[in-house]
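**Q** this one's structure only:
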């Protein structure tokens, strides 16, 4: 298990040392490990896909193996992946379960994270489970339900004026020895954790033609791509899906990285979970989308609101951010060939924001 | 598929006519149908266990096949069944998915239900899915989050002064032709739907020695017992678990049916979901518990509150009602033999009540 920088070639042993970004060039790292390509019959996600993971977390709280609901709509075969039914209410639990298990293995005593909300619940949950003290730094504008959940899970909640303000505050907490910076925008364990979504989709329905996925940090898109790439390397699948990344007009770092410019459009503040201005993997996301023949689509509040209502009408009780991907699908569905199989992860629970 | 009254022997064809209680003696009915004993490999609960069900619902929203988390605690092998990760946030989705699919098959246009909350969300969700108009009658004291969820799912919310008041209001809505009384306290489809919990537990970990389960209407206890009985009839398992039913001191119909008296104790108002004074199956529950060598345990607010905190500390984000079962386990664990395998369903999500 190695940390590896794809930009400058830096490498370090990951089994004993945690490094959250490349100490040489400052870029996000990858984690490299042996893959066995074996899928087991376990109903615990970490056991089932242990052959695809750098290590197996000791504890499990029901994350992963979420339902995949298939709906024929508009001549397409839509695959909704119900990530909002993860135990902390979002897909983030997959990455966090791995990231905090790792911190525990290395003997860290405290975890700190800056987040728009869902990662905070998730980090609070798994920190409690492994006995780490958690400090969650969230913007004051985060939904009250998310703040309450963090506090009830025994974490220390710190409120910052904004999402970038939360990132700035992190450094104050990193000085104390034994403190683990979860750094989900950077930490490659989030990518290998979230990648389990791809293995599950593969087992349930094979490789989709398209994946329509919201881009906050871009970790989810990179993870699903990584998962299908591993399956291909293992010879289990032949083709790769195309990725349609989704951002809001209010915050377009990946779109800018892809097209070299931004688009004017309506605010997208309803999708607070994908307003990540400083997304360290934006360039990586743009390159991945390009290399796999995909695109990035922008949406605004009116489209998000309508998509959110439609999802509830279909019985998917998700939060507004989760509707951004479906809004993008609605916007571009006319251009997608008939009978295409389209994966749409529904990322976060609407119960937290009632 | 027949409706059958175990008390007076009344029978009627269930494939064409809905009857929510025995028209001859007024008691709750059973549904009787052919069982094939076949379990498939599907990851859709209704397909996987279709051999154990009276019919297969047309639609699915991710209900069932919930995680089973195993924890060694106090010398016992605890099996927590994460029912709060059902799509509507509680185990009720299993029964409702079947009950509303049935109403749709029979051509009903409207559904009405009296509920303390969770069944309301569930009925609103599946009614929307099948295109039925839903009217949900809840006490004003139900948590705001639950009321909001019902409204956002497009149902009509009617508030009654109390839980019994909600039941009294039902009749006003039943006059209009094409209206289906969901009646989850009576409707035996809830029992065969919830029974899927037993099939899942059997597949994951065999037969537990004990099942500790909250009793509101008692439907969950009867369902899990029914499920293991079917597995035994099929020759898939040999023994039956003992059932420890849990009620709060504030509302003890099943305890009274078992012991012929009530116990004095602290209020149990925190567990609002099991305050069902008019539980039509209370006698049936008491008889089932007795015949399987189990018991009914009473708990109060202090015990519920402590158990609720402990569950959150273990990473189980449940609502207070769900903590009643764990509170009962804590109360009686000293009397349970070491190494016993104990199933505790965690019934409802705490995200709705943040």
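**A** Sure thing, it's come through. Because the structure is a prediction, the values reported are computed rather than measured.

**Q** now stretch A:81-95: mean pLDDT?
**A** Averaged over stretch A:81-95, pLDDT sits at 98.

**Q** which residues of the stretch 1-150 of chain A lie near chain B?
**A** Contacts of the stretch 1-150 of chain A with chain B, taken as C-beta under 8 Å from any C-beta of the partner chain, map to A:43, A:60-62, A:65-69, A:82, A:85-89, A:125-126, A:128-129, A:144-145, A:148-149. In short, each C-beta sits where N, CA and C put it, glycine included.

**Q** what residue ranges in chain A are flagged as low confidence?
**A** Nowhere does chain A drop to pLDDT under 70.

**Q** for it, just list every one of the helices.
**A** Secondary structure of chain A by DSSP state H: the helices cover A:45-48, A:92-105, A:118-130, A:144-152, A:163-174, A:188-194, A:196-205, A:219-233, A:253-259, A:282-291, A:301-313, A:320-332.

**Q** ChimeraX command to pick out the buried ones of the residues of the stretch 1-150 of chain A next to chain B?
**A** Of the residues of the stretch 1-150 of chain A next to chain B, the buried ones go into a single ChimeraX selection, burial set by 16 or more other C-beta atoms under 10 Å in any protein chain shown:
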select /A:43,60,61,62,65,66,67,68,69,82,85,86,87,88,89,125,126,128,129,145,148,149
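
**Q** residues in the stretch 201-350 of chain A within reach of chain B, list them.
**A** So far as C-beta under 8 Å from any C-beta goes, the stretch 201-350 of chain A lies against chain B at A:204, A:312, A:313, A:314, A:315, A:316, A:317, A:349, A:350.

**Q** of those residues, buried ones?
**A** A:204, A:312, A:314, A:315, A:316, A:317, A:349, A:350.

**Q** out of these, who's nearest chain B?
**A** Among these, residue A:315 lies closest to chain B (C-beta to the nearest C-beta), at 4.5 Å.

**Q** pretty sure that closest one is touching residue B:128, no?
**A** Yes: counting by C-beta atoms under 8 Å, a contact exists between residue A:315 and residue B:128, whose distance comes to 5.9 Å.

**Q** quick one, what contacts residue A:139?
**A** Neighbouring residues of residue A:139 by C-beta atoms under 8 Å, 6 or more residues apart in numbering or on different chains: A:116, A:159, A:160, A:161, A:162, A:163, A:165, A:166.

**Q** and those, which are buried?
**A** Buried among the contacts of residue A:139 (16+ other C-beta under 10 Å): A:116, A:160, A:163, A:166.

**Q** of the residues you listed, closest to chain B?
**A** Distances from chain B to these, taken as C-beta to the nearest C-beta, are shortest for residue A:116 (16.8 Å).

**Q** quick check: residue A:120 vs residue A:308, distance?
**A** Note on residue A:120: its distance to residue A:308, by C-beta to C-beta, to the nearest Å, is 22 Å.

**Q** neighbour-wise, which of those two wins?
**A** Between residue A:120 and residue A:308, residue A:120 has the larger neighbour count (other C-beta atoms under 10 Å in any protein chain shown), namely 31 against 24.

**Q** at the geometric centre of chain A, which residue do we find?
**A** Nearest to the geometric centre of chain A sits residue A:220, at 3.5 Å (C-alpha atoms, centre = their mean).

**Q** can you pull the contacts of the residue in the stretch 251-354 of chain A positioned nearest to chain B?
**A** In the stretch 251-354 of chain A, the residue that lies nearest chain B is residue A:351 (3.8 Å; C-beta to the nearest C-beta). Shown in contact with residue A:351 (C-beta under 8 Å, 6+ apart): A:89, A:145, A:317, B:89, B:145, B:149, B:349, B:351, B:352.

**Q** and the third one, its phi and psi?
**A** The reference is to residue A:317. Dihedral angles of residue A:317 (phi, psi; degrees, to the nearest 10) stand at phi -90, psi 70.

**Q** skipping its backbone neighbours, what lies nearest it in space?
**A** In space, not counting the residues next to it along the chain, residue A:317 is nearest to residue A:350; the distance is 4.5 Å by C-beta to C-beta, 6 or more residues apart in numbering or on different chains.

**Q** I'd say that neighbour and residue A:319 touch.
**A** Yes: counting by C-beta under 8 Å, residue A:350 does reach residue A:319; the two are 4.7 Å apart.

**Q** show me whatever sits in contact with both of these two.
**A** By C-beta under 8 Å, 6+ apart, residue A:350 and residue A:319 have these common neighbours: residue A:84.

**Q** count of neighbours near residue A:77?
**A** The number of residues near residue A:77, taken as other C-beta under 10 Å, comes to 17.

**Q** repeat that for residue A:7.
**A** Residue A:7 has 15 neighbours, counted by other C-beta under 10 Å.

**Q** now swap in residue A:289 and tell me
**A** Per other C-beta under 10 Å, the neighbour tally for residue A:289 reads 26.

**Q** repeat that for residue A:243.
**A** Look at residue A:243: counted by other C-beta under 10 Å, it has 26 neighbours.

**Q** hang on, it packs against residue A:290?
**A** No: at 9.6 Å, residue A:243 does not count as touching residue A:290 under the criterion of C-beta under 8 Å.

**Q** anything in contact with each of these two?
**A** With C-beta under 8 Å, 6+ apart, residue A:243 and residue A:290 have no common neighbours.

**Q** residues in contact with the residue nearest to the centre of chain A?
**A** Residue A:220 makes contact with A:91, A:194, A:197, A:213, A:214, A:345, A:347 under the criterion C-beta under 8 Å, 6+ apart.

**Q** look up how far residue A:122 lies from the last one.
**A** In other words, residue A:347. 12 Å.

**Q** what do those two both touch?
**A** Common contact partners of residue A:347 and residue A:122 (C-beta under 8 Å, 6+ apart): residue A:90.

**Q** and the two? which has more neighbours close in?
**A** Legend: neighbour count by other C-beta under 10 Å for residue A:347 and residue A:122, higher for residue A:122 (33 against 28).

**Q** so that one is in contact with residue A:91, correct?
**A** No: assessed by C-beta under 8 Å, residue A:122 is found out of contact with residue A:91, at 9.1 Å.

**Q** domain ranges for chain A?
**A** Using automatic domain parsing, the domain parsing of chain A gives A:68-90+A:189-353, A:92-188.

**Q** distance check, the residue of the stretch 251-354 of chain A closest to chain B against residue A:317.
**A** Counting by C-beta to C-beta, the gap from residue A:351 to residue A:317 is 6 Å.

**Q** if you tally nearby residues, what's the number for residue A:287?
**A** Counted by other C-beta under 10 Å, the residues lying close to residue A:287 total 13.

**Q** what residues does it make contact with?
**A** So residue A:287 contacts nothing (C-beta under 8 Å, 6+ apart).

**Q** same question, residue A:254
**A** Residues A:215, A:218, A:245, A:247, A:279, A:282, A:285, A:286, A:289, A:296 are the ones in contact with residue A:254 under the rule C-beta under 8 Å, 6+ apart.

**Q** residues near residue A:258, how many?
**A** Burial of residue A:258 is recorded as 21 neighbouring residues (other C-beta under 10 Å).

**Q** need the contact list for it.
**A** A:286, A:289, A:290, A:295, A:296.

**Q** out of these, who's the most crowded?
**A** residue A:289 (26 neighbours).

**Q** quick revisit: among the contacts of residue A:254, which pair sits farthest apart?
**A** The most widely separated members of those, counting by C-beta to C-beta, are A:279 and A:289 (13.4 Å).

**Q** and the residue lying closest to residue A:168 once chain neighbours are set aside, how far from residue A:130?
**A** Distances taken as C-beta to C-beta, 6+ apart put residue A:160 closest to residue A:168, at 7.3 Å, once the chain neighbours are dropped. Remark: distance between residue A:160 and residue A:130 (C-beta to C-beta) = 25 Å.
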